[in-house]
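S.K.: from the sequence below, what's the structure:
(one chain, ligands or ions: 2)
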Amino acid sequence: MAKVVVDIAGKRPYDVRVAPGILQNLGEALRRLDRNPKALIITDLEVAKHYLNATKASLEDAGYHCSVITVPSGEEAKSVECAAEIWNAMADCKLNRDSLVVALGGGVIGDLAGFTGSTFMRGLPVVQVPTTLLSMVDSSVGGKTAINLEAGKNLVGTFCQPLYVCADIETLQTLPEREWACGCAEIAKSALIDSDDFFFWLCEHADQLAARNADVVQEAVVKSVVFKAQVVAADEQETKGVRECLNYGHTLAHAIETEAGYGVYSHGAAVAEGMRFAARLGVACCGTPLALVETQDHLLDELGLPALDLQADPERLLDLMFSDKKVRSNTLRFVLPRDVGDWEVVSLEPDVVLEHLRAWQQSLSCADQA
Ligand code: NAD
Ligand code: GLY
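M.R.: Ligands and ions are numbered 1, 2, ... in the order given. Just a heads-up that it's a prediction; the model follows:
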């Protein structure tokens with residue numbers, strides 16, 4: 001079993017465990033950290049079908065008294081209404097500051113349980129049990145929690161590190177292909193930003209990751225968690241210009257998702273396209289080698305994240321990027337790769353971005369006709 005410790009100055013360090021089959025030992029692992037016998041499992045309907053019984057049995061065998069709250073699957077659950085329902089359930093269950101909240105599911109459940117747990121009675125300990133590839137490699141680690149408002153995604157949230165993260169990679173066996181590709185996009189992002197070692201290892205093993213080879217999946221998750229742990233240790237609250245690197249590919253991705261309509265392209269497909277665009281922008285703005293663009297394109301293809309066939313108005317995409325809540329000035333900030341393992345944030349004027357969006361759209365339509 002692999003263990004990665006997330007050690008943030010001034011915070012209690014926590015373990016991220018990654019291995020097949022560890023869900024059955026979850027209760028025992030938690031009892032070693034915590035003596036309070038009460039736990040609330042928060043999960044969604046789809047995940048509950050597969051993994052709720054095993055999770056509950058593991059906790060109960062270790063002496064926990066468990067309550068369960070199940071929400072609908074999907075992004076809609078990150079709502080004020082669901083959060084209020086969960087806070088009320090927490091009150092009904094008479095949870096106190098020692099009770100555990102167990103987030104069993106993907107990033108939606110992780111964010112929702114993390115947010116409600118970190119705010120109820122000013123904060124209960126939250127255990128993350130990620131069951132999607134994306135949540136194992138990204139959202140379960142680092143303590144960002146959030147729910148959505150009509151005005152935008154993730155507008156209300158907290159920074160609150162979990163007590164423990166249990167990534168049982170066996171749970172990924174039931175993950176749909178589209179969700180798999182979402183996790184692969186985040187792994188590719190992490191690898192490129194992190195280092196030659198991670199990136200070229202991933203290039204060599206991309207087909208095996210796409211085919212869900214268990215050893216390769218385990219190693220990809222561990223490498224991603226090690227990377228994320230380093231980033232959040234350096235810049236927990238995204239104030240030091242380090243955590244921003246995790247936005248590589250995401251500036252354009254959010255605009256693509258909104259323009260196409262949520263759900264038309266998966267988040268991973270949009271991030272992959274955003275990475276393709278950002279690398280090309282890098283060639284023009286910070287000397288990114290063309291070889292990086294080509295190697296990254298090939299990697300994304302191999303991971304099942306082909307270039308999109310989106311035909312969108314570049315001016316509209318530009319407007320959408322400016323309406324993102326993170327934009328604070330008249331320029332757009334892009335994380336660009338100077339090289340593998342070397343990145344910078346570049347602020348670009350709208351007309352420069354527009355010119356590149358036009359070139360990118362032109363290249364997509366040429367590829368379409370080819
Ligand atoms: P998700 O949680 O919606 O899960 C995707 C789908 O897969 C859901 O329908 C779910 O029911 C199903 N599912 C989950 N595990 C399964 C399994 N093992 N087998 C079968 N089906 C399973 O989506 P996600 O991609 O995991 O997370 C996306 C969310 O994560 C977004 O809301 C995003 O904002 C958030 N996020 C947060 C952070 C962070 O740092 N907090 C980082 C990245 C993303
Ligand atoms: N996934 C973005 C972050 O954790 O900061």
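S.K.: C-alpha only now, for contacts and for neighbours.
M.R.: Fine.
S.K.: which SS class is the residue nearest to residue 289 when sequence neighbours are not counted?
M.R.: In space, and not counting its chain neighbours, residue 289 is closest to residue 283: 6.3 Å by C-alpha to C-alpha, 6 or more residues apart in numbering. Per DSSP: H, G, I helix; E, B strand; the rest coil, the secondary structure class of residue 283 is helix.
S.K.: can you read off the pLDDT for residue 283?
M.R.: Residue 283 carries a pLDDT score of 96 in this model.
S.K.: okay, now it: neighbour count?
M.R.: 18 (other C-alpha atoms under 10 Å).
S.K.: how much space separates it from residue 293?
M.R.: Per C-alpha to C-alpha, to the nearest Å, residue 283 is found 8 Å from residue 293.
S.K.: point out where this structure drops to low pLDDT.
M.R.: Low-confidence segments of the chain, defined by pLDDT under 70, are located at 325-326, 328, 367-370.
S.K.: 90 - rerun?
M.R.: Applying pLDDT under 90 to the chain picks out residues 1, 33-37, 98, 151-152, 261-263, 309-311, 323-330, 361-370.
S.K.: which parts of it are helices?
M.R.: 26-33, 45-61, 80-92, 107-119, 133-134, 177-194, 196-210, 214-234, 250-260, 267-286, 290-302, 314-322, 350-369 (DSSP state H).
S.K.: so the third one, near ligand 1 or not?
M.R.: No. Shown here: helix 80-92 not in contact with ligand 1 (C-alpha under 6 Å from any ligand atom), separated by at least 13.6 Å.
S.K.: what's that helix packed up against?
M.R.: With contacts taken as 3 or more C-alpha pairs under 8 Å, 6 or more residues apart in numbering; DSSP states H and E, helix 80-92 sits against strand 65-71, helix 107-119, strand 144-149.
S.K.: likewise for the first one?
M.R.: Under the contact criterion of 3+ C-alpha pairs under 8 Å, 6+ apart, the helices and strands touching helix 26-33 comprise helix 45-61.
S.K.: what helices or strands is the helix it packs on leaning on?
M.R.: For helix 45-61, the packing partners by 3+ C-alpha pairs under 8 Å, 6+ apart are helix 26-33, strand 65-71, strand 100-105.
S.K.: CSV please, covering the ones you listed and showing distance to ligand 1.
M.R.: As requested, these are arranged in CSV below (distance: least, C-alpha to the nearest ligand atom, whole Å):
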stretch, distance to ligand 1
helix 26-33, 16
strand 65-71, 10
strand 100-105, 5
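S.K.: looking at those, which is buried most?
M.R.: Per residue and on average, the most neighbours among the helices and strands packed on helix 45-61 fall to strand 100-105, with a mean of 27 (mean count of other C-alpha atoms under 10 Å).
S.K.: where's that one relative to the chain centroid, distance-wise?
M.R.: Here strand 100-105 is found 16 Å from its chain centre; the criterion is C-alpha atoms, centre = their mean, to the nearest Å.
S.K.: go on, stretch 139-158?
M.R.: Relative to the centre of its chain, stretch 139-158 is centred 11 Å away, using C-alpha atoms, centre = their mean.
S.K.: same check, this time on stretch 224-237
M.R.: The answer for stretch 224-237 is 13 Å, by C-alpha atoms, centre = their mean.
S.K.: CA atoms of that stretch as CSV?
M.R.: Extracted C-alpha coordinates of stretch 224-237, given in CSV (Å, rounded to 0.1, in the frame of the first residue of the first chain):
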residue,chain,number,x,y,z
SER,A,224,-0.3,12.7,-8.9
VAL,A,225,-1.0,12.8,-5.2
VAL,A,226,2.7,13.4,-4.4
PHE,A,227,2.7,16.3,-6.9
LYS,A,228,-0.5,17.8,-5.5
ALA,A,229,0.7,17.4,-1.9
GLN,A,230,3.9,19.4,-2.8
VAL,A,231,1.8,22.1,-4.4
VAL,A,232,-0.6,22.5,-1.5
ALA,A,233,2.2,22.4,1.0
ALA,A,234,3.8,25.3,-0.8
ASP,A,235,0.7,27.3,-1.2
GLU,A,236,-2.4,26.0,0.6
GLN,A,237,-4.7,28.9,0.0
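S.K.: which positions in that stretch come out as buried?
M.R.: 224-237 (16 or more other C-alpha atoms under 10 Å).
S.K.: just the residues you listed that are near ligand 1?
M.R.: Among those, ligand 1 is touched by none when using C-alpha under 6 Å from any ligand atom.
S.K.: rebuild these as a markdown table, extending it with distance to residue 212.
M.R.: Converted to a markdown table, the buried residues of stretch 224-237 look like this (distance: C-alpha to C-alpha, whole Å):
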| residue | distance to residue 212 |
| --- | --- |
| 224 | 16 |
| 225 | 18 |
| 226 | 20 |
| 227 | 21 |
| 228 | 21 |
| 229 | 24 |
| 230 | 26 |
| 231 | 26 |
| 232 | 27 |
| 233 | 29 |
| 234 | 31 |
| 235 | 32 |
| 236 | 31 |
| 237 | 33 |
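S.K.: so which of those residues comes closest to residue 166?
M.R.: residue 225 (11.9 Å; C-alpha to C-alpha).
S.K.: quick check: the closest one touching residue 3?
M.R.: No. Residue 225 lies out of contact with residue 3 (C-alpha atoms under 8 Å); the separation is 9.7 Å.
S.K.: what's the burial count for residue 76?
M.R.: Neighbours around residue 76, by other C-alpha under 10 Å: 14.
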